[in-house]
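S.K.: generate coordinates for the sequence data below:
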Amino acid sequence: MTVGGVRRSEVRFPIGLTFAAAIVFAVCVGLGVWQLQRGAWKARELARIAALRHAPATPIAPVLARVLKGGDVTFTRVAADCEAQPAQLAAFHMVSDNGEWIARTLSPCRLAGSPHEGIVVDRGFLEASRGSPNPPATTLPAPLHVVGVLYPHPAAPAFGLTHLAPYVLVAEQETPAAPGVTPTPYPDAGDNLQYAGAYWLTWFGLAGVLPCVYAAMLWRRYHPKPVPPPKHLSQR
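M.R.: Next up is the predicted model:
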């Protein structure tokens, strides 16, 4: 039997195309499995963040001690008693708030009885800076008692501390309060995870469509439409 003028036995099996399709299929399945694993990890991470967010504040020294053992203390609520220090110029980190520039105020907190010499405290928004990309030079009293949440912040200024904790303490409450500064939490960390594991159905769908397309291609290869005879022959 012929296929488009060629014997069926002479139609070559598409080895290269089959190999390529198998690789693409394996990649799609692998990415789908990875997305499912990411989804499970996201669920655990969101539960962890929620539990830490509502946990009572614990003393900062034993929490930072876990860091030296390789522990991850991100999002842990802590209470820090800072050593008394003279007032000094505040450092700032510019961010956007409702479309306006505003400065987040950073100050050092020296810690006694901690494995680290100190930690940077993000005290919140300097209200006098709102709307300007250049915050005014501001001298603030050093923080004394801070309750807040730990976030990774490797780019924080060192403030002359030789052994700085690899976190920033984002203040929820200061006692006494820093004048002109409003404690402001960072954006919800869970928002960064919203797309983690969200595309598993897409990858499995592509893996399911690929064999159908490949099977249709093989069918067309071995069962092509018959070629009509030339017009001058059909009219005889």
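S.K.: Leu150 contacts Val73, correct?
M.R.: Yes. In terms of C-beta atoms under 8 Å, Leu150 counts as a neighbour of Val73; the distance is 5.5 Å. All C-beta spots, glycine's among them, are computed from the backbone N, C-alpha and C.
S.K.: and for those two, which residues touch both?
M.R.: Val63, Tyr167 (C-beta atoms under 8 Å, 6 or more residues apart in numbering).
S.K.: what about those two, which has more around it?
M.R.: Under the criterion of other C-beta atoms under 10 Å, the comparison of Leu150 against Val73 puts Leu150 first, with 25 against 20.
S.K.: bridging residues for that one?
M.R.: Leu169 (DSSP bridges).
S.K.: tell me the spacing between it and Thr76.
M.R.: From Leu150 across to Thr76, the span is 5 Å (C-beta to C-beta, to the nearest Å).
S.K.: what sits up against stretch 81-99?
M.R.: 101-112, 118, 121-123, 125-126, 129-130, 133, 135, 137-146, 157, 159.
S.K.: so which bits of it are buried?
M.R.: Of the residues in stretch 81-99, Asp81, Cys82, Gln85, Ala90, Ala91, Phe92, His93 count as buried by neighbour count, 16 or more other C-beta atoms under 10 Å.
S.K.: walk me through the domains of this protein.
M.R.: Here the domain parsing of the chain from automatic domain parsing is 12-54+195-226, 57-191.
S.K.: how many residues are close by Phe125?
M.R.: Phe125, neighbours per other C-beta under 10 Å, totals 19.
S.K.: in a strand, that's where it is, yeah?
M.R.: Yes. Counting by DSSP: H, G, I helix; E, B strand; the rest coil, Phe125 is located in a strand.
S.K.: tell me which residues touch it, please.
M.R.: Asp97, Ile102, Ala103, Arg104, Thr105, Val181, Thr182, Thr184.
S.K.: and the first one, backbone torsions?
M.R.: The phi and psi values for Asp97, taken as degrees, to the nearest 10, are phi -130, psi 110.
S.K.: gap between it and Lys42?
M.R.: Per C-beta to C-beta, Asp97 is found 27 Å from Lys42.
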